[in-house]
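Visitor: just to be clear, the model below is a prediction. Sequence and coordinates:
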Amino acid sequence: MTLSHIEDHLDERPRPAPRSPSAHKAEPTVSIVIPAKNEALNLPHVFATLDVERYEVILVDGNSVDDTVEVARKLCPDITVVGQTRKGKGNALACGFAVAKGDFIVMLDADGSTDPAEIPRFVEALKGGADFAKGSRFMPGAGSSDISRLRQMGNYFLNKIVNLIYGTRYTDLCYGYNAFRRECLSVMNLEVGDESPDPGTMLWGDGFEVETLINVRIAKAGLVVAEVPSFEHSRHFGDSNLNAFSDGIRVLRTIHAERKRGARRAARTLAASPRGASSSWSTLSTLVEESR
């Protein structure tokens, strides 16, 4: 895709309503992290409904060989572009989180499957007291036009396993549309640096299992979780890199590895995490509170 083809999409982006300086200061800042590899054709659809004047936008490029970076900069001149240190979506997210400056951080896909128009739902959940806003395709008002029957069944059973082990009530374990307070980063503990002798080798958590890794660590730390209904759209162009079988095995191994690691490390990390005076951080998960 050439840069001239995206001009028409620029006018489709929402324009923020005028706000007074005092109101602006009272609002939490929000960073949007978008991992992307060869998504030049899809980015105009993503940015068409992304309020780039309201949010800090970070694109993590996975060594794209098309115009992904150039298209992103045309659509959002103030965008921050960083490169991955290793392969995989998990590493891309870690690299994006490392440079995000916002009070809240939102994970958004570059293929158009996650709708930027839903971002306010996640932000409101965090402003309402949640530490982690978990997108779900299986709640009232949610859905998907992309998930296959096989992936849906796999997600269902993996979801059941995590809920059984950790006492949670997640309805959609493997969905990647999430938002969280930046204090959660120390609990997630995702590795950024290139610790592999081979840059092409993925470390644990670098792949699509990252969503499960994050959800499990959030649960082990006992943070306040709010599920948010979300509709997953089919990607506009290209094929997904997701493999239902191999990625499902990585998710299973992640659940097993995190269970062996236990909650002790998560508790130590949580105790050492800085908390602002106005933070709603709680060691009681809303998933537990609902059963009281």
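Guide: Structure received. Numbering: from 1, shown residues only.

Visitor: okay, now the unreliable bits of the stretch 51-200 of the chain?
Guide: 146-148, 150-152, 154, 193-200 (pLDDT under 70).

Visitor: that one: strands as residue ranges?
Guide: For the stretch 51-200 of the chain, the strands defined by DSSP state E, counting those that start in this stretch cover 56-61, 80-83, 104-107, 132-136, 143-144, 178-181.

Visitor: give me the helices and strands touching the longest one, please.
Guide: Spelled out, that is strand 56-61. Counting contacts by 3 or more Cβ pairs under 8 Å, 6 or more residues apart in numbering; DSSP states H and E, strand 56-61 is packed against strand 30-36, helix 68-75, strand 80-83, helix 89-99. C-betas here are computed from N, CA, C, even on glycine.

Visitor: tilt between it and strand 30-36?
Guide: If you take axes from the mean of the first three to the mean of the last three Cα atoms, to 10 degrees, strand 56-61 sits at 20 degrees to strand 30-36.

Visitor: quick revisit: to residue 259, which of the strands of the stretch 51-200 of the chain lies closest?
Guide: strand 132-136 (19.4 Å; Cβ to Cβ).

Visitor: thinking again about what came up before, how about the helices and strands packed on strand 56-61, which one is nearest residue 130?
Guide: Of the helices and strands packed on strand 56-61, nearest to residue 130 by Cβ to Cβ is strand 30-36, at 14.2 Å.

Visitor: and residue 90, how many neighbours?
Guide: Applying other Cβ atoms under 10 Å, we find 27 residues neighbouring residue 90.

Visitor: my guess is it meets residue 190, correct?
Guide: Yes. Counting by Cβ atoms under 8 Å, residue 90 does reach residue 190; the two are 6.7 Å apart.

Visitor: quick one: residue 104 and residue 29 touch, right?
Guide: Yes. Assessed by Cβ under 8 Å, residue 104 is found in contact with residue 29 at 7.3 Å.

Visitor: who's more crowded, the two?
Guide: Neighbour tally, residue 104 and residue 29, criterion other Cβ under 10 Å: the higher count belongs to residue 104, 23 against 15.
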